[in-house]
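Engineer: Could you look at this predicted model? Sequence included:
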Amino acid sequence: MATRLTRLRTAPPDSARLCASTGCLGGAITSDAKPEQRLSAKLKTYTLGCKVNQYETQLVREGLVGIGYSDANNENAPADLCVINTCTITGEGDAKSRQVIRKMNRENPDARIVVMGCYATREPEQVAALPGVSEVVTDKRELPDLLGRFGVRDIPNGISGLDGRHRAYVKVQDGCLLKCSYCIIPTVRPDMFSRPQDEVIDEVRRLIDNGYREVILTGIHLGHYGVDFNRGKPKTDWVRLSSLVREICKLDGSFRVRLSSIEATEVTRELIEVMQDHADQVCPHLHVCVQSGSDRILRAMKRRWTRKHIIDRCQHVKEQLHLPAFSTDLIVGFPGETEADFEDSLDACRQIGFSKIHMFPFSPRKTTPAAEMDNQIPKAVKTQRGQVVRQLEADLRDQYYQSLVGEKLQLLVEDVAAEGIARGTSCRYGTVKVTDSTLADNDLADVRIVGTQPGYLIGQQL
């Protein structure tokens with residue numbers, strides 16, 4: 001039985017205001033502007049990087065649209081204001097961020113360009129020197145001040161949707177205290193904090209009311225949700241990710257919850273119990289961060305656990321949940337990685353049985369210890385190892401998909417073709433295609449898996 005609810009979209013209010021005191025839009029809109037001029041201001045946004053970045057861009061967009069900016073992302077006409085959210089996790093992220101800024105400036109020559117995100121935090125002077133940039137936001141905690149300078153009086157405490165997506169991200173935590181030797185993120189997001197549980201619950205309720213059938217809990221270090229709340233408290237009073245998920249599952253409505261990236265060792269007994277108790281609501285899919293399957297490389301990365309810890313925890317999850325899906329991040333070509341180390345990574349992937357592997361060639365980030373290590377791996381070797389990982393990923397995905405044949409899976413429909421073919425994302429993360437269906441966009445429905453094709457599952461409507 002499918003559950004159908006159309007996602008709502010809110011138009012800017014007629015009483016929308018634009019900022020007068022700070023000369024928003026580079027002087028294009030002033031305090032003397034007529035109401036129709038204020039309502040004509042166009043906004044374009046662009047996001048690079050992670051789910052947290054996408055969430056934060058949406059927060060800014062909703063604040064600005066709420067005072068009268070029209071979202072012009074799908075228009076060819078130039079915008080008055082461009083907000084670009086950047087990424088710095090790899091050198092490629094830096095380069096792409098610069099390319100997007102230059103492109104935005106070329107296509108919107110009179111626009112005021114505001115740049116935020118991790119690359120803006122790490123290299124603010126470099127970003128400020130790019131053409132058209134009028135403001136650089138170096139700290140995400142400044143976002144309320146940024147919105148205030150543009151005339152937003154009621155700062156959003158969450159989002160009401162995620163433009164162009166059927167599944168909504170909910171940021172519950174920010175910051176990372178770890179010191180992995182390859183990672184720049186603790187430098188640009190050093191302050192760890194969790195959002196109050198009641199605030200998250202209110203946001204999830206709003207998203208459900210607006211028609212979203214899946215919410216994805218995300219953070220920079222999701223497994224550390226609540227750690228800052230718990231300092232100095234007895235363990236019986238601790239707030240954990242598991243308790244947050246359990247409270248979300250108490251909300252009314254037909255929806256499901258998915259967890260974003262988490263460390264394998266932070267998939268606790270309590271979290272597994274919640275996934276068992278709410279098997280119809282909490283997706284049996286975990287994205288566990290492996291990075292390497294070699295103990296020697298894990299030590300060089302300054303990761304906090306061994307290969308055995310990771311494999312054993314995933315095996316425990318398999319024993320407690322029915323056919324759970326696992327996805328992961330894997331770095332190839334870390335300094336000093338030998339063929340034996342690389343084979344250890346491949347073997348760990350095989351033992352766990354990942355259905356999706358996000359493979360990253362090692363990218364040295366300035367100021368991180370790994371950037372200065374000896375035995376840097378040549379690009380050609382990283383490329384070759386990446387090809388091996390991609391083939392392994394395809395093989396493991398096919399094996400896992402075969403194990404799902406005959407199973408009933410919950411499907412969120414994200415596309416319906418004219419010929420009656422529905423496509424979407426299953427609770428176990430795999431893409432499902434259903435032929436001869438009467439399913440509609442945004443339906444949450446049970447389907448029976450009757451076959452597989454390379455890269456996706458074939459489902460039958462129940």
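Structural biologist: Thanks, I have it.
Engineer: how much space between the most centrally placed residue in the chain and Lys318?
Structural biologist: Nearest to the mean C-alpha position of the chain, by CA atoms, centre = their mean, lies Lys51 at 1.9 Å. Counting by CB to CB, to the nearest Å, the gap from Lys51 to Lys318 is 25 Å. The C-beta positions use only the backbone N, C-alpha and C, and glycine is treated the same way.
Engineer: can I assume Asp94 is in contact with Val127?
Structural biologist: No. If you go by CB atoms under 8 Å, Asp94 and Val127 don't touch, sitting 9.8 Å apart.
Engineer: what touches both of those two?
Structural biologist: Tyr119 (CB atoms under 8 Å, 6 or more residues apart in numbering).
Engineer: Leaving out chain neighbours, which residue sits closest to Glu247?
Structural biologist: Leaving aside its sequence neighbours, Glu247 sits nearest to Ile201 (CB to CB, 6 or more residues apart in numbering; 5.9 Å).
Engineer: Let me fix that, I meant to ask about Asp139.
Structural biologist: Thr121 (6.7 Å).
Engineer: What residues does Ile201 make contact with?
Structural biologist: 247-248, 251.
Engineer: Which among those residues count as buried?
Structural biologist: Neighbour-count burial (16 or more other CB atoms under 10 Å) is assigned, among the contacts of Ile201, to 247-248.
Engineer: can you list the contacts of Ile201 in CSV and add pLDDT and secondary structure?
Structural biologist: Shown next, in CSV, are those (pLDDT from 0 to 100; DSSP: H, G, I helix; E, B strand; the rest coil):
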residue, pLDDT, secondary structure
Glu247, 97, helix
Ile248, 98, helix
Leu251, 97, coil
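Engineer: with the contacts of Ile201 in mind, which one is nearest to Lys379?
Structural biologist: Closest approach to Lys379 among these (CB to CB): Ile248, at 43.8 Å.
Engineer: Now for the closest one: which residues touch it?
Structural biologist: Here Ile248 is in contact with 200-201, 204, 215, 217, 257 (CB under 8 Å, 6+ apart).
Engineer: Out of those, flag the one nearest to Asn442.
Structural biologist: Of the contacts of Ile248, the one sitting nearest to Asn442 (CB to CB) turns out to be Val215, at 13.7 Å.
Engineer: Let me see the mean pLDDT of the host helix or strand of that closest one.
Structural biologist: If you go by DSSP states H and E, Val215 is part of strand 214-219. The average of the pLDDT scores along strand 214-219 is 98.
Engineer: List the buried residues of the helix or strand that it is followed by.
Structural biologist: Using DSSP H and E, the helix or strand that follows strand 214-219 in sequence is helix 227-230. Neighbour-count burial for helix 227-230 flags 227, 229 (criterion: 16+ other CB under 10 Å).
Engineer: helices or strands up against helix 227-230?
Structural biologist: strand 193-194 (3 or more CB pairs under 8 Å, 6 or more residues apart in numbering; DSSP states H and E).
Engineer: What's the first helix or strand after the strand it packs on?
Structural biologist: For strand 193-194, the following helix or strand on the C-terminal side (DSSP H and E) is helix 197-209.
Engineer: Distance from that next one to the middle of the chain?
Structural biologist: Centre-to-centre, helix 197-209 and its host chain are 18 Å apart (CA atoms, centre = their mean, to the nearest Å).
Engineer: Quick check: buried residues in it?
Structural biologist: Buried-residue list, helix 197-209, by 16+ other CB under 10 Å: 197, 200, 203-205, 207-208.
Engineer: what are the phi and psi angles of Pro335?
Structural biologist: phi -50, psi 130 (degrees, to the nearest 10).
Engineer: Quick check: phi and psi at Ala72.
Structural biologist: Dihedral angles for Ala72 - degrees, to the nearest 10 - are phi -110, psi 20.
Engineer: So it sits against Tyr46, correct?
Structural biologist: No. Counting by CB under 8 Å, Ala72 stays clear of Tyr46, with 11.9 Å between them.
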